[in-house]
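In: Dropping the sequence and predicted coords here.
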Amino acid sequence: MDLEWNQSSTGREPEVAKLPFEIIEIGAIKLNSEYEMVSEFSELIKPIVYPRLYHITSKIIHIQMDELARGGRFTDISDKFRDWCGDDPLICTWGPSDVTELQRNLRFFDRPLLNDGPVKYLDVQKLFALSYDKDPHNRISLERAVDQIGIEKDIPFHRAFGDAYYTAKILVKICKEHPEKLKFVSYDVTFPPATKEDEVFADFGTYTKQITRVFKDREAALTDKGVMQIVCTKCGKPIKKRIGWFSPNGKQFMAAGFCDVHGLVKNRIRIQKYDDDSVCVIKIVKPIENEGLMRLQEKSARAEELRRKRKEAEKKAKELGRTGEQGRVRGSEKRFPKEPFKKR
Ligand SMILES: [Zn+2]
């Protein structure tokens, strides 16, 4: 599946925060279990939130407003798309943003979500890097990927159907040449799991991933016993701490432990934040070797050093603040002398 979307050209509409991107085209190709292309979907949507086409959008995707004016309503087209998908589809896209924007648009226009919590999908851009790139984290454009593996360019890029078509072609090639990579599914967390029962737990063989239920804020998540437990990949049980939680960059937290049966394990958590300050936690658990433990120890020491320096700086700033206050008091005395008329 591929989407094209439009955005505000003025930034002044009240919907900007809730719907930064309004979907204007949905294109998709359906593959059966033999990876054959069996059906096509291509529909334009008339934008109603941002009725003017953002100049960069129209440059990139070559759609004109009069063409879009003949498009359907999002509510109708998205319903039609869901019917076309059938029950329990596995959506495949180039990169992570299409699933996010589809979920946001569905919520904004009050249509049923793909899933109320995280959506499982295949990020073909990620699978491409895992299959054909030296750097498995590399993300390249769809057209570059098409060129790299020699797929014939028989229709234009940057329209929803064309991009869905090339994404499907690349996916088919991965399915045939690297079927072992297909287990690396992705999860969109535009909406978090509501309850403990909805939490996601995925075992990728070499590591596991957990997406926790929603917490009311960061503080609540980071003080939750279950979240902060250091666990083993294989048995999932709490294990002995080797390195306590530390944050190398303020964005994620790391720790390590030792399982009597399975050895050294690294735990990493990332906080996914939502508009109302609520969060969910994404926890990755991975076995490591001694060398990995040492690297982690160095990182932890560096983080501790930074923390200490920051605290010192804060302390100094506080002290300076106090003298600053005194300075202001003196200043006010100057401005309002006790004997203002003496000089006269
Ligand atoms: Zn274990």
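Out: Nice, I can see it. Numbering: from 1, shown residues only.

In: which bits of this protein sit near the ion?
Out: 232, 234-235, 259, 261-262 (C-beta under 5 Å from the ion). (Glycine included, C-beta is placed from N, CA and C.)

In: Give me the buried entries from the residues you listed.
Out: Buried by 16 or more other C-beta atoms under 10 Å: 232, 259, out of those.

In: Can you redo the residues of the chain next to the ion as CSV, where the extra columns are secondary structure and pLDDT?
Out: Converted to CSV, the residues of the chain next to the ion look like this (DSSP: H, G, I helix; E, B strand; the rest coil; pLDDT from 0 to 100):
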residue, secondary structure, pLDDT
Cys232, coil, 91
Lys234, coil, 83
Cys235, coil, 86
Cys259, strand, 94
Val261, coil, 91
His262, coil, 90
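
In: between the residues of the chain next to the ion, which is nearest Arg270?
Out: Distance to Arg270 across these (C-beta to C-beta) is lowest for Cys232, with 19.6 Å.

In: So in this protein, where's the weakest helix or strand by average pLDDT?
Out: Among the helical and strand segments of the chain, the one scoring lowest on mean pLDDT, DSSP states H and E is helix 55-61, with a mean of 70.

In: just checking, what packs against that helix?
Out: Other elements packing on helix 55-61 under the criterion 3 or more C-beta pairs under 8 Å, 6 or more residues apart in numbering; DSSP states H and E are strand 2-7.

In: I'd like the next helix or strand past the strand it packs on.
Out: Per DSSP states H and E, the first helix or strand lying C-terminal to strand 2-7 is strand 21-31.

In: What average pLDDT does stretch 190-204 get?
Out: Averaged over stretch 190-204, pLDDT sits at 95.

In: ugh, wrong one, stretch 269-281
Out: 95.

In: Which positions within that stretch qualify as buried?
Out: So stretch 269-281, judged by 16+ other C-beta under 10 Å, has buried residues 269, 271-272, 278-281.

In: related to what we said a few turns ago, and the least confident helix or strand of the chain, how far from the chain's centre?
Out: Computed by C-alpha atoms, centre = their mean, to the nearest Å, the chain-centroid distance of helix 55-61 equals 24 Å.

In: which residues are contacting the helix or strand following it?
Out: Heading C-terminal from helix 55-61, the first helix or strand you meet, by DSSP H and E, is helix 65-69. Helix 65-69 is contacted by residues 24, 44-47, 52-53, 58 when judged by C-beta atoms under 8 Å, 6 or more residues apart in numbering.

In: what's the farthest-apart pair in the residues you listed?
Out: Leu44 and Arg52 (16.0 Å).

In: Give me the more crowded residue out of these two.
Out: More neighbours surround Leu44 than the other of Leu44 and Arg52, with 20 against 13 (other C-beta atoms under 10 Å).

In: can you pull the contacts of the more buried one?
Out: For Leu44, counting by C-beta under 8 Å, 6+ apart, the contacting residues are 24-25, 63, 67-68, 70-72.

In: What's the ChimeraX syntax to select whichever of the residues you listed are buried?
Out: A single ChimeraX command selects the buried members of the contacts of Leu44 (16+ other C-beta under 10 Å):
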select :24,25,63,68,71
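
In: Arrange the contacts of Leu44 in a markdown table, one row each, with pLDDT as further columns.
Out: Shown next, in a markdown table, are these (pLDDT from 0 to 100):
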| residue | pLDDT |
| --- | --- |
| Ile24 | 95 |
| Glu25 | 95 |
| Ile63 | 78 |
| Glu67 | 86 |
| Leu68 | 88 |
| Arg70 | 92 |
| Gly71 | 94 |
| Gly72 | 96 |
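
In: Tell me the one among the contacts of Leu44 nearest to the ion.
Out: Distances from the ion to these, taken as C-beta to the ion, are shortest for Glu25 (48.3 Å).

In: My read is that that closest one contacts Glu43, right?
Out: Yes - between Glu25 and Glu43 there is a contact under C-beta atoms under 8 Å: 7.1 Å.

In: which residues are common contacts for those two?
Out: Gly71.

In: and Ile174, what helix or strand is that in?
Out: Ile174 belongs to helix 160-177 when elements are defined using DSSP H and E.

In: Can you name every helix or strand that that helix contacts?
Out: strand 2-7, strand 21-31, strand 37-44, strand 91-93, helix 124-132, helix 142-148.

In: Please enumerate residues in contact with that helix?
Out: 1-4, 25-29, 31, 35, 37, 40-42, 92-94, 122, 124, 127-128, 131, 142-143, 145-146, 149, 151, 155-157, 181-182.

In: what's the spacing between the closest residue to Leu122 other than its chain neighbours and the ion?
Out: Closest residue to Leu122 apart from its sequence neighbours, by C-beta to C-beta, 6 or more residues apart in numbering: Cys92 at 4.1 Å. Distance, Cys92 to the ion, using C-beta to the ion, to the nearest Å: 34 Å.

In: Does Cys92 touch Val119 like I think?
Out: No - between Cys92 and Val119 no contact is recorded; they are 11.9 Å apart, counting by C-beta under 8 Å.

In: I'd like the residues of the chain next to the ion written out as JSON lines, with distance to Gly244 added.
Out: Converted to JSON lines, the residues of the chain next to the ion look like this (distance: C-beta to C-beta, whole Å):
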{"residue": "Cys232", "distance to Gly244": "17"}
{"residue": "Lys234", "distance to Gly244": "22"}
{"residue": "Cys235", "distance to Gly244": "21"}
{"residue": "Cys259", "distance to Gly244": "17"}
{"residue": "Val261", "distance to Gly244": "22"}
{"residue": "His262", "distance to Gly244": "20"}
